[in-house]
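Q: Mind looking at a prediction? Sequence and model below.
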Amino acid sequence: MAEDTDATPNLRNLARAISRWENEGGAPAHPLTPPASWAGEVCTIEERILRCLGAAVILEWSDLPTEIQRKLFAGASTLSDPDQQFQLKQLIARFLHVHKDDGGERQ
């Protein structure tokens, strides 16, 4: 019982901190909506975010440690129908090979 009493103030403090964070622009209570400037975009906001994150990873690919590259490659290649994973691995490997020097050309 003493543990419950000690934990209650900590939980209240945590709840207050989360509330303040949300009021300051933290995690939104509703799904993200695209900015008006993206009007006419075919993809959803989540797809746009994933595309941007994916592009950022590709730009940094050659500078990533080999272990991280392998984990990302393995993760990406399993995001497909199991019957198509081998083909996807080949496509990803070919893409990475073709674009292996693209990261250094950024400005």
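A: Cool, got the structure.

Q: And what about residue 74, helix, strand or coil?
A: For residue 74, the assignment made with DSSP: H, G, I helix; E, B strand; the rest coil gives helix.

Q: Distance of it relative to residue 92?
A: Separation of residue 74 from residue 92 (C-beta to C-beta, to the nearest Å) stands at 10 Å. (Glycine included, C-beta is placed from N, CA and C.)

Q: out of the two, which sits in the more crowded spot?
A: residue 92 (15 against 10; other C-beta atoms under 10 Å).

Q: What about residue 64, how many residues nearby?
A: So residue 64, with other C-beta under 10 Å, has 14 neighbours.

Q: Ok, residue 56 next?
A: Residue 56: 10 surrounding residues under other C-beta under 10 Å.

Q: For the nearest residue to residue 100 once chain neighbours are set aside, report the pLDDT, please.
A: Of all residues not flanking residue 100 in the chain, residue 62 sits nearest, at 6.1 Å (C-beta to C-beta, 6 or more residues apart in numbering). If you check residue 62, the pLDDT there is 90.

Q: Might one say that residue 62 is in contact with residue 101?
A: Yes. Using C-beta atoms under 8 Å, residue 62 is in contact with residue 101, at 7.4 Å.

Q: With neighbour numbers in mind, choose between the two.
A: More crowded of residue 62 and residue 101, by other C-beta under 10 Å: residue 62, with 14 against 8.

Q: Can you classify that one as helix, strand or coil?
A: Residue 62 ends up helix, using three-state DSSP.
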